[in-house]
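**Q** Let's see this in three dimensions:
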Amino acid sequence: MRVCLLASGSSGNCAFVSAGETRVLIDAGISARRVRRELEALGESAVDALLLTHEHGDHSSEAGRVAAEFGCPVYVSERTFPRVRSALTGHERLGLFRVGEEFSIGAFRVRSFRVFHDAADPCGFLLEGPSEFGAQRVRVGFATDLGTVPPPLRRLLRECEGLVIEANHDREMLLQGPYAWDLKQRIRSPVGHLSNEAAAELIGELVRRGRLRVAVLAHLSEENNRPERAWETVRAQLDGLFRCEIVVAPRDRRSAVVVL
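**A** The predicted model follows:
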């Protein structure tokens, strides 16, 4: 399985995942032209499906154009669909699901799961598919835009060898930064965004009690975080457990390709 974040942050989000002969995108908050350009740089040209996590514009605003560019169906939860209808052309093939359901897309087995965020029906995805290194199957979780990680989700994520997890802000930088107080409170709330510290604590648990081998830190705030600070916070939490690779997704360009 190969994972690359084509864009990650409040200005737009899109992730590429491939396994076997199947290629999918998760979210479409950047232009179809940019998606095409980034995929060509990776040596890719086809997309078999687009999955949407929630309706916020930085995740869904270009969904219709991206789906049309690649001729692929759009998978979206039944409750989120009415909220993203305006971003669609009306001609898409739709894969509607209820959060918590599982479905297959080519080589992938996809499990949707609920996350806590201030959206209509936000979700994350656990994608299971063939490894690049043999016959075994591996799992990658995608959990961005969430304010807290409850015990059931922690147990689910222990199954993952790879994880794309939000590390939105440094708590101190957020509190001392320029945002209005009500926005700071929204970000810090249980339905807001994960801090570096919360992401680090989760990753530490998944390394010690689960299967995690690679963690990608995503959705970093431009105002309230720094890539080196996010990386250092997570690495300090791991306390010498170097069996987990930590990758920070840049805001302004695609990430490194993670291979599992």
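**Q** so which strand or helix has the one residue sitting closest to the centre of the chain?
**A** Nearest to the mean C-alpha position of the chain, by C-alpha atoms, centre = their mean, lies Phe142 at 4.0 Å. Using DSSP states H and E, Phe142 sits within strand 137-143.
**Q** The stretch 1-150 of the chain: helices as residue ranges?
**A** Along the stretch 1-150 of the chain, counting by DSSP state H, counting those that start in this stretch, helices occupy 32-41, 57-60, 63-70, 81-84.
**Q** For the ones you listed, could you give me CSV that also reports mean pLDDT?
**A** What follows is the helices of the stretch 1-150 of the chain, written out as CSV (pLDDT from 0 to 100):
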stretch, mean pLDDT
helix 32-41, 98
helix 57-60, 98
helix 63-70, 98
helix 81-84, 98
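**Q** quick one: which of those is nearest Leu146?
**A** helix 57-60 (12.5 Å; C-beta to C-beta). C-beta here means a position set from N, CA and C on the backbone, and glycine is covered the same way.
**Q** Pull the closest one out as PDB, backbone CA atoms only.
**A** Extracted in PDB, the C-alpha atoms of helix 57-60 (Å, rounded to 0.1, in the frame of the first residue of the first chain):
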ATOM      1  CA  GLY A  57     -14.900  23.300   1.900                       C
ATOM      2  CA  ASP A  58     -11.300  22.500   2.500                       C
ATOM      3  CA  HIS A  59     -12.300  18.800   2.200                       C
ATOM      4  CA  SER A  60     -15.100  18.800  -0.400                       C
END
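**Q** sorry, back to before: how close does the residue nearest to the centre of the chain get to Leu88?
**A** Separation of Phe142 from Leu88 (C-beta to C-beta, to the nearest Å): 21 Å.
**Q** Also Leu42?
**A** For Leu42 relative to Leu88 (C-beta to C-beta), the value is 26 Å.
**Q** When these two are compared, which one has more neighbours?
**A** Taking other C-beta atoms under 10 Å, Leu42 and Leu88 do not tie; Leu88 has more neighbours (19 against 15).
**Q** Can you report how many residues neighbour the residue nearest to the more buried one when sequence neighbours are not counted?
**A** Of all residues not flanking Leu88 in the chain, Gly64 sits nearest, at 4.2 Å (C-beta to C-beta, 6 or more residues apart in numbering). By other C-beta under 10 Å, 22 other residues sit near Gly64.
**Q** And Gly64, how far from Arg93?
**A** Gly64 is 12 Å from Arg93, by C-beta to C-beta.
**Q** what comes up buried for stretch 105-113?
**A** For stretch 105-113, a neighbour-count test (16 or more other C-beta atoms under 10 Å) marks Ile105, Ala107, Phe108, Arg109, Val110, Arg111, Ser112, Phe113 as buried.
**Q** To what extent is the closest residue to Ala41 other than its chain neighbours buried, counted in neighbours?
**A** The spatially closest residue to Ala41, leaving aside those adjacent along the chain, is Arg254, at 7.3 Å (C-beta to C-beta, 6+ apart). For Arg254, the tally of surrounding residues (other C-beta under 10 Å) stands at 21.
**Q** How about the contacts made by Arg254?
**A** Applying C-beta atoms under 8 Å, 6 or more residues apart in numbering, we find Arg254 in contact with Cys4, Leu5, Leu6, Ala7, Glu38, Ala41, Leu42.
**Q** Bridged to the residue nearest to Thr144 when sequence neighbours are not counted, which residues?
**A** Distance criterion C-beta to C-beta, 6+ apart; nearest residue to Thr144, sequence neighbours excluded, is Glu166 at 4.3 Å. Taking DSSP bridges as the rule, Glu166 bridges to Ala218.
**Q** Glu166 contacts Val216, correct?
**A** No: with contacts counted by C-beta atoms under 8 Å, Glu166 stays clear of Val216, the gap being 10.1 Å.
**Q** Compare these two (neighbour count), which wins?
**A** Set Glu166 next to Val216 and count neighbours by other C-beta under 10 Å: Glu166 wins out with 28 against 25.
**Q** Give me the distance between that one and Ala218.
**A** Relative to Ala218, and taking C-beta to C-beta, Glu166 is found at 6 Å.
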